[in-house]
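Provide a 3D model corresponding to the input given below.
(3 chains)
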Amino acid sequence: MTTFTVSDLARRVGADVLGDPDRRLSGVASLDVAGPGDLAFFAREAMREAVRGTRAGAVLTPRSFEPRGVRFSVLKVDDPHLSFARIVRLFHPEPPPPPGIHPSARVDEGARLGEAVSLGPGVVVEDGARVGRGTSVGPGTLIGRGARIGVDCRLGHAVSVLHGVEVGDRVRVHAGARIGTDGFGYVPAPDGAHKVPQIGGCVIGDDVEIGANCTIDRGALDDTRIGERTKLDNLVHVGHGVCIGSDCLIAAHVGIAGSCVIGAGTQMGGQAGVASHLKIGAGARIAGQTGVVQDVPAGAELGGTPARPRRSWLKEAAHLSRLPGLFRRVARIERRLRAREGERPARPDRSDEESA
Amino acid sequence: MTTFTVSDLARRVGADVLGDPDRRLSGVASLDVAGPGDLAFFAREAMREAVRGTRAGAVLTPRSFEPRGVRFSVLKVDDPHLSFARIVRLFHPEPPPPPGIHPSARVDEGARLGEAVSLGPGVVVEDGARVGRGTSVGPGTLIGRGARIGVDCRLGHAVSVLHGVEVGDRVRVHAGARIGTDGFGYVPAPDGAHKVPQIGGCVIGDDVEIGANCTIDRGALDDTRIGERTKLDNLVHVGHGVCIGSDCLIAAHVGIAGSCVIGAGTQMGGQAGVASHLKIGAGARIAGQTGVVQDVPAGAELGGTPARPRRSWLKEAAHLSRLPGLFRRVARIERRLRAREGERPARPDRSDEESA
Amino acid sequence: MTTFTVSDLARRVGADVLGDPDRRLSGVASLDVAGPGDLAFFAREAMREAVRGTRAGAVLTPRSFEPRGVRFSVLKVDDPHLSFARIVRLFHPEPPPPPGIHPSARVDEGARLGEAVSLGPGVVVEDGARVGRGTSVGPGTLIGRGARIGVDCRLGHAVSVLHGVEVGDRVRVHAGARIGTDGFGYVPAPDGAHKVPQIGGCVIGDDVEIGANCTIDRGALDDTRIGERTKLDNLVHVGHGVCIGSDCLIAAHVGIAGSCVIGAGTQMGGQAGVASHLKIGAGARIAGQTGVVQDVPAGAELGGTPARPRRSWLKEAAHLSRLPGLFRRVARIERRLRAREGERPARPDRSDEESA
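All right, here's what the predicted structure looks like:
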């Protein structure tokens, strides 16, 4: 078992230490379950109670943390969660993929593999495909005709990288993701919908991560693109010709219809959807389940279907709960006015009046 | 063709028989399409018309059923649908998986297989994995390093059970499901989002069923857990560190974000979503497409986005349809008041008045 | 490189030519990126600006197009997009699948393959299955016991066609789609939910297209059916016993719960959902994210959750944004009435009055 002293770890993340710097740590854990041999982290106010009760041997905290009466060693850093993420890999290094080409992998003669490529059982690499140095490919994955995978990528089990797709460096693709599938393109005609051949490409930038069972269509004519460092959670759908900028975070079950342009740094919550041909400005924040049906300015925060500014949406939702009461109030006003006037309004006037 | 008499079947499900107990039945069918050789079932009021017109030879009915003028044999039971489910397997026994290990399956030397395990073509069982007695594994499925599968499980085609995942007994996993994939965990930093290594486990209880193309992430630190007898429909996403209790029913396309705790017996309709870190009390009922954004008390019935009590949500929806009319009524009141007062209200007062 | 003259192409799609009929074209592209050797198309008003600025050598246009001052050759047709779709395949013929049966494919003795069938590496064809003439099956795909695939179909990578499923002619199934998986059927009982054996079939009509990672369940008793020429985008879920008519277009992430009947020509936007046992009339148009909870008449246009006529839904959404203002107006009316009457209303009357 690999162990580190508190001061070892502090050096690696630039931490100031309070408490025993020589304490030996053998693992990482959350505040709730950590024991005396574990490092935990305290990153936000919601964890306040947990940090009081923790049995962790050491805790990464913000610089401002005041360690009154705590038993753990304190490692003060600028960003406890970020420092924790870096330390986790010391205790749990990513296991190297099995070296070399499994005998059951089928590599076409016209394909080219870089150094130290790992291909699992049943992998298929078709004609003209290239796989970069240090990339590992999980069992049953397909690298189609002419596809290019960069260096140090990790492709999981049963992934599809279809013909001509280009994948950058250090990209992670999780099990069952489909990249470069045909887009949903048809032209209506009297004898039924005619398929529009999908001949565009699909380009995935460096350091992108694509979740399990995602589907990313190739372009109809122009390429589908996903920018550097963008992360897709599981079961995300990206339509044909979509262009997603760099540094976006797209949560599970999001669907982005064809030809949308999503600006850099956009964040989308789970199950949000974007209708086709829309532009979302850089840095937008789209709440979960939002239905975007028109262009979105940069930096906007949206919610609801159809999407509107998040604050308006939440305000409307609050007023909505009081709507039955408002109907009763208006009916009462109408009764009072009528009683005072000693008259019944003319027919057409009453069409909208109903009992609440 | 296997046949059974009405009295054979009645004995197996504790039914009282009216009509011919010696009638021979050769199959099961729904009321609409059943013929004289078929058993059907009548379980709820909506099937009343179908039961009148059915040509079925025999029908499972509630104890209270009054069989006036029917031609079929009646089997009265406590729960017709449940009895039917049990009888179906008599006529249609589940075909046994092909026995043994297919020669193209790759089983690491360090893996252990129980008795009567069936591995299909192209299955991969990695080092340290264990597969329990009587479990069958479909073609192309991966059992990762150190994963453990219990006894009498059925894993479909192209399933991923990733490293270290623990699966209980009698679990069914349908084609393309991914268990133990990395969670969606990043820490923002100036040079882009840093991946938080996902080192937690994933524990699936006994008698769980997981639908096709579901994705169940492993924990970031603490395990993801799915309780006994819980059933997931297709394309469900379960985020990292989620803990789902026993006996839940989760419909297709549901997304549950990281670290949620879902109480036992919860039911969620299709496309519902739960934001991260929430607690849903036992026995809650979440309607389809609901967006849960705060904790839910036990037994609550919710609908809408953001989620609210189901009754309020439906009431609001009803009032919403009358909202245009309400705007007209208020405008009319304002006109009447103004006319009577012979004055126009001061400017600021009118800011909200618009024509409906 | 294949090239065609403008008049070659015009002949194939019945176009009237303005400009140089002998110009040679070597490819197709969108208006924005096309160069002098490319054919592009102009199909709708939104492309007006692009057609002005295009550098394309030739453009397919509507018959009514007035080509003032354009440099490209004009090909006037009835339906530019449809003509374009047909011409694309001249420049980009679909690459033929690798001929024959890959040596690593496993075909059971009891299976039957038509002429010119292509089976990729690792394909499994089980006992009693039939694959029609000219059909190609991608790597790692499973054709289960007794399944039947028609002629000239294209099945992608890692597709599941489970036991007994029937697939028509010229059907396309994209990577990771699951056809014939168990439906989500349970009967509650004191000892937990009992699985209802799913013994129905699954029938896919001619010329259907099924997107990547879709899941189509077999019937519980009666078959699940998808009608001719219907197209499903990626990640669509079709529950057990659903009957979808012909010529429907179903966008990504749509979920259709068990036993629904969807009329011919229905169109459903992304992430829409339909609750179980509902009937949707022919030609309905369901907006994205709509939640259908009751039967829908033929030709209806719906939006919102719960679904309502699309026009009402949009009108309500517009009014909703003005709801906070309406609350203020009503509060003001109440104050004026109270001031005039010099009285405060009785307690119970005020229960709904709150400050906006």
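
Restricting to C-alpha, output the helix or strand that contains A:Ile333 in PDB.
Following DSSP states H and E, one finds A:Ile333 within helix A:323-341. The C-alpha trace of helix A:323-341 is given here as PDB (Å, rounded to 0.1, in the frame of the first residue of the first chain):
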ATOM      1  CA  LEU A 323     -52.800  31.400  -9.500                       C
ATOM      2  CA  PRO A 324     -55.800  29.600  -8.100                       C
ATOM      3  CA  GLY A 325     -56.000  32.200  -5.400                       C
ATOM      4  CA  LEU A 326     -55.800  35.000  -7.900                       C
ATOM      5  CA  PHE A 327     -58.800  33.600  -9.800                       C
ATOM      6  CA  ARG A 328     -60.800  33.700  -6.600                       C
ATOM      7  CA  ARG A 329     -59.800  37.300  -5.900                       C
ATOM      8  CA  VAL A 330     -60.800  38.500  -9.300                       C
ATOM      9  CA  ALA A 331     -64.200  36.700  -9.100                       C
ATOM     10  CA  ARG A 332     -64.800  38.400  -5.700                       C
ATOM     11  CA  ILE A 333     -63.900  41.800  -7.200                       C
ATOM     12  CA  GLU A 334     -66.400  41.200 -10.000                       C
ATOM     13  CA  ARG A 335     -69.100  40.200  -7.500                       C
ATOM     14  CA  ARG A 336     -68.500  43.300  -5.500                       C
ATOM     15  CA  LEU A 337     -68.600  45.600  -8.600                       C
ATOM     16  CA  ARG A 338     -71.800  43.900  -9.800                       C
ATOM     17  CA  ALA A 339     -73.500  44.200  -6.500                       C
ATOM     18  CA  ARG A 340     -72.700  47.900  -6.200                       C
ATOM     19  CA  GLU A 341     -73.800  48.700  -9.700                       C
END
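
Show me what that helix is packed up against.
helix B:310-321, helix B:323-341, helix C:323-341 (3 or more CB pairs under 8 Å, 6 or more residues apart in numbering or on different chains; DSSP states H and E). For glycine as for every other residue, the C-beta is placed from the backbone atoms N, C-alpha and C.

Could you take those helices and lay them out as JSON lines, with extra columns for mean pLDDT and mean neighbour count?
As requested, these are exported to JSON lines (pLDDT from 0 to 100; neighbours: other CB atoms under 10 Å in any protein chain shown):
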{"stretch": "helix B:310-321", "mean pLDDT": "91", "mean neighbour count": "17"}
{"stretch": "helix B:323-341", "mean pLDDT": "90", "mean neighbour count": "17"}
{"stretch": "helix C:323-341", "mean pLDDT": "90", "mean neighbour count": "17"}
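
Which of those helices sits closest to B:Ile262?
helix B:310-321 (17.5 Å; CB to CB).

Contacts for that closest one, please.
Defining contact as CB atoms under 8 Å, 6 or more residues apart in numbering or on different chains, one finds that helix B:310-321 is touched by A:320-321, A:323-324, A:327, B:285, B:287, B:301-304, B:307-308, C:306, C:308, C:312, C:316, C:320.

now with 7 Å?
Identification of contacts with helix B:310-321 by CB atoms under 7 Å, 6 or more residues apart in numbering or on different chains yields A:320-321, A:323-324, A:327, B:287, B:301-304, C:306, C:308, C:312, C:316.

hmm, which two among those residues are most spread apart?
Distance extremes for the contacts of helix B:310-321: the farthest pair is B:Glu301 and C:Ser312 at 25.6 Å, using CB to CB.

now, among the contacts of helix B:310-321, which is nearest to B:Ser26?
B:Ala287 (40.8 Å).

Near the residue lying closest to that closest one once chain neighbours are set aside, how many other residues are there?
Spatial nearest neighbour of B:Ala287, excluding adjacent residues (CB to CB, 6 or more residues apart in numbering or on different chains): B:Gly303 at 3.9 Å. B:Gly303 is flanked by 27 other residues according to other CB atoms under 10 Å in any protein chain shown.

now swap in A:Gly245 and tell me
22.

Test my guess that it contacts A:Gly227.
Yes - counting by CB atoms under 7 Å, A:Gly245 does reach A:Gly227; the two are 4.5 Å apart.

Find the residues that touch each one of those two.
Joint contacts of A:Gly245 and A:Gly227 (CB under 7 Å, 6+ apart) are A:Ala264.

Near chain B, which residues of the stretch 101-250 of chain A are found?
A:104, A:121-122, A:139-140, A:157-158, A:174-176, A:207, A:211-213, A:229, A:231, A:233-235, A:247, A:249 (CB under 7 Å from any CB of the partner chain).

near chain C, from these?
Within those, those near chain C by CB under 7 Å from any CB are A:Gly122, A:Gly140, A:Ala158, A:Gly176, A:Asn213, A:Leu235.

which ones are touching the last one?
Spelled out, it's A:Leu235. Taking CB under 7 Å, 6+ apart, we find A:Leu235 in contact with A:Gly211, A:Asn213, A:Cys214, A:Ala252, A:His253, B:Thr215, B:Leu235, B:His237, C:Leu235.

rerun that using 8 Å as the cut-off
Contacts of A:Leu235 by CB under 8 Å, 6+ apart are A:211-214, A:252-253, B:213, B:215, B:235, B:237, B:255, C:213, C:235.

Farthest pair within those?
It's B:Gly255 and C:Asn213 that sit farthest apart of the contacts of A:Leu235, by CB to CB, at 14.9 Å.

Mind checking which of these two has more residues around it?
Neighbour count, other CB under 10 Å: between B:Gly255 and C:Asn213, C:Asn213 has more, with 32 against 29.

what about that one, is that helix, strand or coil?
coil (DSSP: H, G, I helix; E, B strand; the rest coil).

Spatially nearest residue to it, not counting backbone neighbours?
C:Gly176 (4.2 Å).

Need the three-state assignment for the one you found.
coil.

can you list the residues of the stretch 101-250 of chain A near chain C?
A:104, A:106, A:122, A:124, A:140, A:142, A:145, A:158, A:160, A:162-163, A:176, A:178, A:181-182, A:184, A:186-187, A:189, A:192-197, A:199, A:213, A:215, A:217, A:221-222, A:235, A:237, A:239 (CB under 8 Å from any CB of the partner chain).

how about 6 Å then?
With CB under 6 Å from any CB of the partner chain as the criterion, the stretch 101-250 of chain A comes near chain C at residues A:106, A:122, A:124, A:140, A:142, A:158, A:160, A:176, A:178, A:181, A:184, A:187, A:189, A:192, A:194, A:196-197, A:199, A:213, A:215, A:221-222, A:237.

Just give the number of residues close to A:Ala46.
If we define neighbours as other CB under 10 Å, then A:Ala46 has 8 of them.

and what of A:Ile199?
A:Ile199: 20 neighbours (other CB under 10 Å).

Can you give the contact residues for stretch A:182-190?
A:193-196, A:198, A:217, A:220, A:240, A:258, C:81-82, C:85, C:233 (CB atoms under 6 Å, 6 or more residues apart in numbering or on different chains).

which of these has the most neighbours?
Most surrounded of the contacts of stretch A:182-190: other CB under 10 Å gives A:Asp217, at 32 neighbours.

From B:Val167, how far out is the one residue in chain A that gets nearest to chain C?
At 3.5 Å from chain C, A:Gly325 is the closest residue in chain A, using CB to the nearest CB. A:Gly325 sits 51 Å away from B:Val167, going by CB to CB, to the nearest Å.

I'd like the ones next to chain C among the residues of the stretch 101-250 of chain A next to chain B laid out as TSV, including distance to B:Ala15 and pLDDT.
Supplementary listing: those in TSV, determined by distance: CB to CB, whole Å; pLDDT from 0 to 100:
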residue	distance to B:Ala15	pLDDT
A:Gly122	50	98
A:Gly140	48	98
A:Ala158	46	98
A:Gly176	45	98
A:Asn213	44	98
A:Leu235	44	98
